[in-house]
Every structure is written in C-alpha cells, then in structure tokens.
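In: just coords:
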C-alpha cells in the first residue's frame, strides 16, 4: 500500500473531513458513494484487462 503522503491532496482532504467533521448521516452517504465509485472503477479496470492479450 502506498504511503498516505503520496496520495493526491483531494484524497487527503476527504479523509481528514471524514475523520474530523463528518456527521453520521453524511458518513453513511459518503460510504455508499465511495463504495459505488470504487466498484465502478474496479470493474472498468477488470474489463480493460480482459481485452489485453498476455503473451
């Protein structure tokens, strides 16, 4: 796993917001949004890998 300092500033800000300021209702919404976004990206990457021929 990468060192946290190597992530983009926007990711660091989101994590800081979640840790310090986010109320419970926003935590639930953020969790759903982040999970869906991560799963979507994961599926995109997997579909791209299926199209690559390994020799």
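Out: Yep, that arrived. Just so it is clear, the structure is predicted and the values come from calculations on it, not from any experiment. Numbers count the residues shown, from 1 in each chain.
In: from here on, contacts and neighbour counts on C-alpha atoms
Out: Fine.
In: please state the offset of stretch 12-31 from the chain centre?
Out: Computed by C-alpha atoms, centre = their mean, to the nearest Å, the chain-centroid distance of stretch 12-31 equals 13 Å.
In: how about that stretch: buried residues?
Out: Across stretch 12-31, burial judged by 16 or more other C-alpha atoms under 10 Å covers residue 18.
In: just the element for the spatially most central residue of the chain, please.
Out: Centroid-nearest residue in the chain: residue 38, 4.9 Å away (criterion: C-alpha atoms, centre = their mean). Using DSSP states H and E, residue 38 maps to helix 24-50.
In: still on that earlier bit, gap between the residue nearest to the centre of the chain and residue 26?
Out: As for residue 38, its distance to residue 26 is 18 Å (criterion: C-alpha to C-alpha, to the nearest Å).
In: measure residue 6 to residue 38 for me?
Out: 19 Å.
In: just residue 9 next, same as before
Out: Here residue 9 is placed at a distance of 18 Å from residue 38 (C-alpha to C-alpha).
In: ok, now residue 5?
Out: According to C-alpha to C-alpha, residue 5 stands 20 Å off from residue 38.
In: low-confidence stretches in this structure?
Out: Across the chain, residues meeting the criterion (pLDDT under 70) sit at 1-2, 53-55.
In: and residue 52, which of the three is it?
Out: Look at residue 52: counting by DSSP: H, G, I helix; E, B strand; the rest coil, its state is coil.
In: list the contacts of it.
Out: Residue 52 sits next to no residue when contact means C-alpha atoms under 8 Å, 6 or more residues apart in numbering.
In: gap between the residue nearest to the centre of the chain and residue 21?
Out: Using C-alpha to C-alpha, we find residue 38 at a distance of 22 Å from residue 21.
In: also residue 27?
Out: 10 Å.
In: next: residue 42.
Out: Distance from residue 42 to residue 21, counting by C-alpha to C-alpha: 28 Å.
In: again with residue 12
Out: Counting by C-alpha to C-alpha - residue 12 and residue 21 are separated by 14 Å.
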